[in-house]
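>>> Sequence first, predicted coordinates after that:
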Amino acid sequence: MFKTVLFPIDQSREAREAADIVANIVQTYRSRLILLSVVEEPDSEAPATSPMVSPEAVAKLLENAQALFSEQGIVAELLERQGKPAFTICDVADEVEASLIIMGCRGIGLTDEGATDSVTTRVINLSPCPVLIVP
């Protein structure tokens, strides 16, 4: 049913909590697992303060996630992309022919004011496949 699962990750607590569900689904359906880290393009007007801008930090995040899944007998492919997170996630989902995207939700877009700015909301609206949101 879920041939390819795309799991966009960042350094958030929500992404770490979603990892258990990802592992369960991947093992249950014997899915191909792709871990994606999206580095947001730097804003030319704002100073780069995020540790995720560092290629080393992104590589370390992906390697740690890959090791976590490897401990459970799951082989995970790694992808690193630069761009706007929601659009990049959906582009990659289309590119790899994902049958499911699983992502954590920070709850930022759960209010009327934040709904249009939420990466989660944008992914839900633009995704070429089903999206499972882990609260």
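Ah, there it is. Residues are numbered from 1 along each chain as shown.
>>> Show me the shaky parts of this structure.
42-53, 107-116 (pLDDT under 70).
>>> Look up the closest residue to I9, ignoring the ones flanking it.
A15 (4.7 Å; C-beta to C-beta, 6 or more residues apart in numbering). C-beta: built from backbone N, CA, C; applies to glycine.
>>> Could you do D94 as well?
D94's closest residue in space is P128 (C-beta to C-beta, 6+ apart), at 4.7 Å.
>>> Can you spell out which helices and strands pack onto the helix or strand containing V38?
Taking DSSP states H and E as the definition, V38 sits inside strand 32-39. Where contact means 3 or more C-beta pairs under 8 Å, 6 or more residues apart in numbering; DSSP states H and E, strand 32-39 is packed against strand 4-8, helix 55-70, strand 76-82, helix 85-95.
>>> Give me the contacts around the longest one.
With C-beta atoms under 8 Å, 6 or more residues apart in numbering as the contact definition, helix 55-70 has outside contacts at 7, 9-11, 19, 22-23, 26, 33, 35, 37, 39, 51-52, 75-76, 78, 80.
>>> Which neighbouring residues are in contact with R16, exactly?
Here R16 is in contact with G104 (C-beta under 8 Å, 6+ apart).
>>> and if you look at the one 10 residues further on?
Applying C-beta under 8 Å, 6+ apart, we find V26 in contact with F2, V5, L33, F69, I74.
>>> Number of residues surrounding the residue nearest to D94?
13 (other C-beta atoms under 10 Å).
>>> does it count as helix, strand or coil?
Of the three states, P128 takes coil according to DSSP: H, G, I helix; E, B strand; the rest coil.
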